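# Compute the structure for the input listed below.
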Amino acid sequence: MNGPMNGPVDGPVDGLVDVVLPCLNEAEALPWVLSRMPDGFRPIVVDNASTDDSAAVARRHGAHVVEASQRGFGAACHAGLLAATADVVCVMDADASLDPRELSRFVAALGEADLVLGRRRPEGRGAWPVHARLGNAVLARSLNRRAATTLRDIGPMRAA
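Here you go, the predicted model:
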C-alpha cells in the first residue's frame, strides 16, 4: 500500500489531504480502494453501521475509522467532515467504483475553483443501474434549478 500519510500532495496544497470514505458493508472493496490512495492523502473511513468487517479491514489497511451511528450517506459524510482536519477534504465512494489515484487531479484543480466534482461516464448498458441514473438525474435537475448550475451528475468524487 502507498503510505496514505506520507509525502507531498501535487497541486496548490501543501501537506495532508483528508479523504472521507462513507462506508456501509464495503469490506471486500476497501483493500483495493485503500491500496490506491495517493501519498499525502489520509483516508477517513466512516463506518455507517456495517454488518461486515469493514471497520477492521479499514484499520488493517491504515485508515482512520470513524463511526457514524445514524444511517445514511449524508450522515456518514457529515461525520467524516467533522473528523477531517486538513485544509483540503475529498469525499468519494468506498465501493471501488472510483479510483482514488484520480484524487490528485481533483486537488490540483482546486487552484481554479473552491469545489471540484467528478462526473461519471458509464460505459455499456449495465455499468450504471437504471434506478441510479434516474435518481441522479432528478437530483441534478433539482440542484440545477435551485443553484443555477449545469450539473449532469451529482459527483461521487469531490474535493474542496
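
# now the closest residue to residue 72 other than its chain neighbours: how far from residue 91?
With sequence-adjacent residues excluded and distances taken as CB to CB, 6 or more residues apart in numbering, residue 72 is closest to residue 48, at 7.2 Å. To be clear about C-beta, it is placed using only N, CA and C from the backbone, and glycine gets the same treatment. The gap separating residue 48 from residue 91 is 13 Å, by CB to CB, to the nearest Å.

# what's the span of stretch 92-102 from first residue to last?
One end of stretch 92-102 sits 11 Å from the other (CA to CA, to the nearest Å).

# Quick one: mean pLDDT over it.
Stretch 92-102 shows a mean pLDDT of 91.

# Flag every buried residue along that stretch.
Of the residues in stretch 92-102, 92, 93, 94, 95, 98, 100 count as buried by neighbour count, 16 or more other CB atoms under 10 Å.

# can you tell me which residues contact the second one?
The neighbourhood of residue 93, defined by CB atoms under 8 Å, 6 or more residues apart in numbering, consists of 21, 22, 156, 157.

# wait, the third one sits on residue 92?
Yes: counting by CB atoms under 8 Å, residue 156 sits close enough to residue 92 to count as a contact (6.4 Å).

# Just give the nearest non-adjacent residue to residue 78, would you?
Sequence neighbours aside, residue 68 is the residue nearest to residue 78 in space, at 7.7 Å (criterion: CB to CB, 6+ apart).
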